[in-house]
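Colleague: Sequence and predicted model, in that order:
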Amino acid sequence: MAGTTKYLRYIVFAFVCLVVIFFISSSSTVPRDFQSASDLIKDQSSKWRGSQADDVKESTDAAKKPEASTSPNPHAGKTGLSETAPGERMNATFVTLARNSDVWEIARSIRQVEDRFNHRYNYDWVFLNDQPFDDTFKKVTTALTSGNTKYGEIPKEHWSFPEFIDQEKAQKVREDMAARKIIYGDSVSYRHMCRYESGFFFRHPLMLDYEWYWRVEPSIELFCDINYDTFKYMADNNKKYSFVLSLYEYVETIPTLWDSVKGFMSKHPEHIAEGNSMAFLSDDDGNTYNHCHFWSNFEIGNLDWLRSQAYIDYFNHLDRDGGFFYERWGDAPVHSIAAGLMLPKEQIHFFNDIAYYHVPFTHCPTGEQTRLDLKCHCNPKDNFDWNGYSCTARFFETNGMQKPEGYEQNQ
Ligand SMILES: Nc1nc2c(ncn2[C@@H]2O[C@H](COP(=O)(O)OP(=O)(O)OP(=O)(O)O)[C@@H](O)[C@H]2O)c(=O)[nH]1
Ligand SMILES: [Mg+2]
């Protein structure tokens, strides 16, 4: 009898267990056919998905949640969680000239470029330096970029005094400029940098693989989403050079630059384009320079144009005249004058929709609807375009372009 009671107890206990298991499994929302935790996360997120257009935002949100990250890979999310833009890619790269000590400043720039644009396009990034890049620089920048990174050392002959430069004369200029407190006036490296950006970066072996470049400097900011391929825009619209900010050059740094340009124009009239932007550069049809230039810390441009015979002849002529060392010619006026004279004016593009900051100037798109559509976070009051020191109004006039809606309030 005692044995029967024991068996009965076992049967009742087993029955209660079965009832409990049944209730747990029928009230659970965990679908049994999921393969892994990531399937489960995907399913949960799809319940919140309203439309396809939300995909980018959603995956970004998921990336921010620590519980959604199951991978110990320090580069996790590099490509996996962002929506890649469909379509072909151009033969293009970002390019940055930097020192190892610029690492944290360039890190900020890269993060902004990736967040606002490149996480969808994954273009490559070429870094150039007159010294070897160190491991920290390479590690940090590779982790932040979504495309391939390449690191190049600049050949010595592109970062040193050419033999025709009189060293003593150059040194006296630096001392004089230091006494006159001209910014970077006493710096040798700044002069090598300006000359390199003017005449050599596009000829670096790593750059020879590409047709298009986008120059990025340390500590810049991008304030709006860029939802289209800017390189493809340039190609499709037959553009060769572009800018976001323009201004007047500091005249003390280029007293004889225009004389050298005039020498080039008379030696090589075949390189001067019909329908060029002389009216942007000069108020007296080329007799004098008005100092207007496109600010070259931002540039999207065509490398084949910079590698053309016309541009190389232009650079060599200027270089021989020695103003990179006997004055302090900047690559911004050098590039701008080249684009202004050797390209038909329609081939220079103003990117109103690329909102940009490099100390101390901001380009914030004129037009409220543009700023809202592109999720911009710049203050329109900071926009420099219609300020008296900007040359952008002149660019619009030269090109017969209508100034954007709302520009008057911005002056
Ligand atoms: N490798 C290397 N890069 C340099 C050197 N000097 C400047 N650069 C880089 O060249 C670019 C322009 O230099 P900047 O110091 O930003 O010059 P700038 O924009 O006229 O002046 P800032 O207002 O100080 O930004 C930046 O990308 C720098 O990182 C140098 O001596 N070596
Ligand atoms: Mg800079």
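Modeller: Sure, I can see it. Residues are numbered from 1 along each chain as shown. Ligands and ions are numbered 1, 2, ... in the order given.

Colleague: can you list the residues of this structure near ligand 2?
Modeller: 217, 297 (C-beta under 5 Å from the ion). (Glycine included, C-beta is placed from N, CA and C.)

Colleague: Where does the chain get nearest to ligand 1, residue-wise?
Modeller: Here the chain gets closest to ligand 1 at one residue, residue 189, 3.6 Å apart by C-beta to the nearest ligand atom.

Colleague: Show the pLDDT at that residue.
Modeller: As predicted, residue 189 sits at a pLDDT of 98.

Colleague: And residue 404, by the same measure?
Modeller: Per-residue pLDDT puts residue 404 at 75.

Colleague: In a helix, it, correct?
Modeller: No. Assigned with DSSP: H, G, I helix; E, B strand; the rest coil, residue 404 falls outside any helix and is coil.

Colleague: could you measure the residue of the chain closest to ligand 1 against residue 147, distance?
Modeller: 29 Å (C-beta to C-beta, to the nearest Å).

Colleague: which one of the two has more residues nearby?
Modeller: residue 147 (19 against 11; other C-beta atoms under 10 Å).

Colleague: That one in helix, strand or coil?
Modeller: Three-state call for residue 147 (three-state DSSP): coil.

Colleague: In this structure it contacts residue 122, no?
Modeller: Yes. Contact criterion C-beta atoms under 8 Å: residue 147 and residue 122 qualify, at 4.5 Å.

Colleague: list residues touching both of the two?
Modeller: Counting by C-beta atoms under 8 Å, 6 or more residues apart in numbering, residue 147 and residue 122 have no shared contacts at all.

Colleague: Can you name the helix or strand that the closest residue to ligand 2 within the stretch 151-300 of the chain falls in?
Modeller: Per C-beta to the ion, residue 217 is where the stretch 151-300 of the chain lies closest to ligand 2, at 4.3 Å. Residue 217 is part of no helix or strand when elements are defined by DSSP states H and E.

Colleague: ok, residue 151 - contacts?
Modeller: 127, 129, 133, 137-138.

Colleague: Neighbour count for those - can I get that in CSV?
Modeller: Shown next, in CSV, are these (neighbours: other C-beta atoms under 10 Å):
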residue, neighbour count
127, 23
129, 19
133, 19
137, 22
138, 16
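
Colleague: with these in mind, which one is nearest to residue 326?
Modeller: The nearest member of the contacts of residue 151 to residue 326, counting by C-beta to C-beta, is residue 129 at 26.0 Å.

Colleague: Now do the phi/psi pair for the closest one.
Modeller: When read as degrees, to the nearest 10, the backbone of residue 129 gives phi -150, psi 150.

Colleague: residue contacts, it?
Modeller: With C-beta under 8 Å, 6+ apart, residue 129 has these contacts: 97-100, 151-154.

Colleague: what's the distance between it and residue 269?
Modeller: With C-beta to C-beta as the criterion, residue 129 and residue 269 are 38 Å apart.

Colleague: for residue 277, same thing?
Modeller: 17 Å.

Colleague: which of these two has more neighbours?
Modeller: residue 277 (25 against 8).

Colleague: My read is that that one contacts residue 348, right?
Modeller: Yes. Between residue 277 and residue 348 there is a contact under C-beta under 8 Å: 6.4 Å.

Colleague: which residues do the two both contact?
Modeller: Shared contacts of residue 277 and residue 348 (C-beta under 8 Å, 6+ apart): 339-340, 395.

Colleague: Most neighbours among those residues, please name it.
Modeller: Of the shared contacts of residue 277 and residue 348, with other C-beta under 10 Å as the count, residue 339 tops at 29 neighbours.

Colleague: what about the nearest residue to residue 326 once chain neighbours are set aside, which helix or strand?
Modeller: Counting by C-beta to C-beta, 6 or more residues apart in numbering, residue 173 is the residue found nearest to residue 326 once chain neighbours are left out, at 5.5 Å. Element membership for residue 173 (DSSP H and E) is helix 167-179.

Colleague: circling back: pick the one among the shared contacts of residue 277 and residue 348 closest to ligand 2.
Modeller: The closest of the shared contacts of residue 277 and residue 348, once distances to ligand 2 are taken by C-beta to the ion, is residue 339, at 19.6 Å.
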